[in-house]
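>>> Pasting the sequence and the predicted coordinates here, then a few questions.
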Amino acid sequence: MTLRLTLLSLAALGGATLLAAAPAAASPNRELREMRCDMLEQNRGRMVTIEAPGLRVLEQTANGQAFAPVIPQGIAAIACGRTSVIPAAWDDRVLSLGLPLFLSDPAGRLGVLEIDNGRYRFRLMHGSTRPEEQAEIDARIQTFQSRFDASVARTR
């Protein structure tokens with residue numbers, strides 16, 4: 001049986017799942033861990049979550065390898081619960097599939113990594129970041145943008 005939840009409950013689900021397994025958020029002293037990833041689809045104007053037990057973005061994009069999971073038709077995004085909402089080094093691989101990546105953490109924060117008109121951005125939809133976290137997010141987005149721009153230049 002497939003579990004389907006609204007997007008609004010994603011942060012709560014991610015937070016509850018992560019709190020049980022990892023009581024503290026990722027920091028420079030803690031390893032970034034991913035507890036689960038799911039797929040999101042549009043259903044009657046609402047985003048719903050579909051369990052995807054074999055989907056592991058951190059593991060499947062390690063060291064920049066291609067991200068090529070089987071994505072059923074109608075999937076609109078991927079959502080992962082992690083120890084931090086700060087995008088990981090190769091999260092831009094998800095966006096190369098044409099899908100945004102929602103990230104939630106134990107603090108109940110929810111953010112989305114997306115690309116719009118060739119520009120990467122990360123929007124925090126619930127919660128806030130500390131200045132040092134925002135600096136890390138900004139640097140990560142710049143790395144993603146540089147990789148994207150270089151790949152576009154190579155194809156010209």
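Good, I have the coordinates. Predicted model, so just to flag it, every value in this text is computed and none were measured. Numbers count the residues shown, from 1 in each chain.
>>> now G108, what's its secondary structure?
Three-state call for G108 (DSSP: H, G, I helix; E, B strand; the rest coil): coil.
>>> Which stretches in this protein count as helices?
Listed in chain order, the helices of the chain (DSSP state H) span 10-21, 57-60, 92-95, 131-155.
>>> deepest of those, which one?
Most buried of these by mean neighbour count (mean count of other C-beta atoms under 10 Å) is helix 92-95; its value is a mean of 22. In short, each C-beta sits where N, CA and C put it, glycine included.
>>> before we move on, back to that, make JSON lines from the helices of the chain and add distance to V70 to it.
Converted to JSON lines, the helices of the chain look like this (distance: least, C-beta to C-beta, whole Å):
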{"stretch": "helix 10-21", "distance to V70": "21"}
{"stretch": "helix 57-60", "distance to V70": "12"}
{"stretch": "helix 92-95", "distance to V70": "14"}
{"stretch": "helix 131-155", "distance to V70": "23"}
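>>> Report how many residues lie close to W90.
Neighbourhood size, W90 [other C-beta atoms under 10 Å]: 19.
>>> Likewise for G108?
G108 has 16 nearby residues by other C-beta under 10 Å.
>>> now I50, nearest residue through space, not along the chain?
If the residues on either side of it in the chain are set aside, I50 comes closest to M39, at 4.8 Å by C-beta to C-beta, 6 or more residues apart in numbering.
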